[in-house]
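# My questions concern the predicted model and sequence given below.
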Amino acid sequence: MSSVPNKVVAMPRAASQDTLIAFRGVDLDLAGRRILEGIDLEIRRGEFVCVIGPSGCGKTTTLRLIAGLFTPTKGSVEYDGKPVTGPRRDIAIVFQDYGKALLPWRTVAGNVALALEAIGMPRAERSDRIAALLDKVGLGKHADKFPNQLSGGMQQRLQIARCLAQNPSVLLMDEPFGALDAMTRQALQDEILQIVRSTGTTAFFVTHDLEEALYLGDRVVALSPNPGRVGEIYDVPLPYPRDQLTTREHPDFLRLRRSLFDFIKDAES
Amino acid sequence: MTAGKWRGLVVPVGLLLAAEIAALVSPVSSDTLAPPSQIFGAGFIGLGDGTILKATGQTMLAALGGLGLGVGLGLVFGILLGLFVILDRLMEFPVEAFRPIPSVALLPVAMLAFGFGYSMEIAIVAFATFWPVLILTKAAIAGIEPRLLEVSRALGFNLFQRVWKIVLPAALPRIFVAFRLAAGVALIVAVTVEIAINPLGLGYAMMTAQQSLNPALMLALLLWIGVVGWGFNALLMLLQSRLFSRMNTAEAR
């Protein structure tokens, strides 16, 4: 430690009214190794934040901190002004490995029901809610199938439906479309954008696909590795609704893509 | 039925015929062997007058009672040790110290504690089936996809919900294998206890037949015990395929 005394902050930093999630000087050590260092980041209510960075820079770890699956070694992660102490039902996680995150012994409807059981919804009210959720993600006709009878894209849709069943304020998504083919990925990107926009959900989306990050995000947070820290934050001024063709040809999109690409190249070198 | 299916019967039927002919030709009368015709005859008489069925009922009652007790306790402790690493560490020495004791070696103790009858036999069967269920349940829980446990944490399940909705169903296919293994052990141990000491069931009936120099009945009972064991296992296999066919992927993992 330096001998210079720490500056005392005169006023407790009042979170602006619409800050929902805040990292405040977060360090995280796992098994004696520093994974994240000095993370400061504020996420507004209803914002769509994408996280990119070279592999091993702690993208998933930041997501797990918000989820309450990890506790910071130093600093704090705040949700709605209060420190995150553990998982909470209004924060839902969409995992990348949908095949492992679904219950193979339950039907499609049963997997969605799991989240409703968690929030204690009475049995009688569940079936309508399940039907509505499955319709929303395009699985309305597959309620009685088992997960292993679905394609990868459908399994991921099912996981999204289960997360939506929690009625979450925050959707955490950990490379959710990384294992899907290009067409399915684009369809799901548009669906998730539509869902998040229409419900006002806050989204925290980890991806290694730079274009995906720009296409979905209001902001893109670029992490640097060893240890993971915030390298750069890019505002994405692209207009809504976003479109797979015109948005990706937008001059701002191309400019930002180049910046992100250069960032990753520098970070990896 | 095709010729291929009948081919499997050639050797056993041939051997039975050979045994029958050998018994007819040989001048020696035996206290331990009987020709197949007499064995089957004794078996049919025993089945007809209900004595074999009654003995079967006694053996199955003791075996199933012990199995239920052993599996129930093994399941509870297996889940606890599987979920809580600290408990597993604490119990490691006691488990490894008691597990290798042959269940039949407990006969003298069990006899002092319970006397002859069902309770003694049930206690010994329970002891014998407890360990495999405990160890395999623990292993089944260690083998649960960690992502599923994370899902249950993210959903905010309490311990009971976590066990009931995630842990048990996820481990069930493997736990059922443990149950089948334990069921086989239960029948073996029950008959062993009856042969050694307990005046009950098929084992005791076999000993009685042997001591009254009735090898035909003795061997008929031996065959019958094989049939019962085979039938019991077949029933459990059927149950297993019915219960878990829909989620065969989970079982294969």
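Right, received. Where do you want to start?
# got a list of what the residue in the stretch 151-269 of chain A positioned nearest to chain B touches?
Scanning the stretch 151-269 of chain A for proximity to chain B using C-beta to the nearest C-beta identifies A:Gln166 as nearest, at 7.2 Å. C-betas here are computed from N, CA, C, even on glycine. When contacts are counted by C-beta atoms under 8 Å, 6 or more residues apart in numbering or on different chains, A:Gln166 touches A:89-90, A:92, A:115, A:118-119, B:155.
# Let's see that with 10 Å instead.
By C-beta atoms under 10 Å, 6 or more residues apart in numbering or on different chains, A:Gln166 lies in contact with A:88-93, A:114-116, A:118-119, B:154-156.
# Got a PyMOL select line for the buried ones in these?
In PyMOL, this line selects whichever of these come out buried by 16 or more other C-beta atoms under 10 Å in any protein chain shown:
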select buried, (chain A and resi 88+89+91+92+93+114+115+116+118) or (chain B and resi 154+155+156)
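# got the residue ranges for the helices in chain B?
Along chain B, the stretches classed as helices by DSSP state H are B:3-7, B:10-25, B:36-48, B:51-83, B:85-98, B:107-114, B:118-142, B:146-154, B:159-161, B:168-196, B:201-211, B:215-244, B:248-252.
# Sketch out the low-pLDDT regions of the stretch 1-150 of chain B for me.
The model of the stretch 1-150 of chain B has pLDDT under 70 over residues B:1-3.
# hmm, back to that, can the contacts of A:Gln166 go into JSON lines with extra columns for secondary structure and distance to A:Pro104?
JSON lines is the format used below for those (DSSP: H, G, I helix; E, B strand; the rest coil; distance: C-beta to C-beta, whole Å):
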{"residue": "A:Arg88", "secondary structure": "coil", "distance to A:Pro104": "26"}
{"residue": "A:Arg89", "secondary structure": "coil", "distance to A:Pro104": "23"}
{"residue": "A:Asp90", "secondary structure": "coil", "distance to A:Pro104": "27"}
{"residue": "A:Ile91", "secondary structure": "strand", "distance to A:Pro104": "25"}
{"residue": "A:Ala92", "secondary structure": "strand", "distance to A:Pro104": "20"}
{"residue": "A:Ile93", "secondary structure": "strand", "distance to A:Pro104": "19"}
{"residue": "A:Leu114", "secondary structure": "helix", "distance to A:Pro104": "12"}
{"residue": "A:Ala115", "secondary structure": "helix", "distance to A:Pro104": "17"}
{"residue": "A:Leu116", "secondary structure": "helix", "distance to A:Pro104": "19"}
{"residue": "A:Ala118", "secondary structure": "helix", "distance to A:Pro104": "19"}
{"residue": "A:Ile119", "secondary structure": "coil", "distance to A:Pro104": "23"}
{"residue": "B:Ala154", "secondary structure": "helix", "distance to A:Pro104": "18"}
{"residue": "B:Leu155", "secondary structure": "coil", "distance to A:Pro104": "17"}
{"residue": "B:Gly156", "secondary structure": "coil", "distance to A:Pro104": "22"}
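# With respect to B:Ala182, which of the contacts of A:Gln166 is nearest?
Relative to B:Ala182, the closest of these is A:Leu114; by C-beta to C-beta it sits at 30.4 Å.
# distance of the closest residue to B:Ala178 other than its chain neighbours from B:Thr129?
Closest residue to B:Ala178 apart from its sequence neighbours, by C-beta to C-beta, 6 or more residues apart in numbering or on different chains: B:Leu136 at 3.5 Å. In this view, B:Leu136 and B:Thr129 are 11 Å apart by C-beta to C-beta, to the nearest Å.
# which neighbours do the two share?
With C-beta under 10 Å, 6+ apart, B:Leu136 and B:Thr129 have common neighbours B:74, B:178-179, B:181-182.
# just to revisit the earlier point, tell me, what's the model's pLDDT at the residue of the stretch 151-269 of chain A closest to chain B?
On pLDDT, A:Gln166 comes in at 89.
# and it, what are its phi and psi?
Torsion angles at A:Gln166 (phi, psi; degrees, to the nearest 10) stand at phi -70, psi -10.
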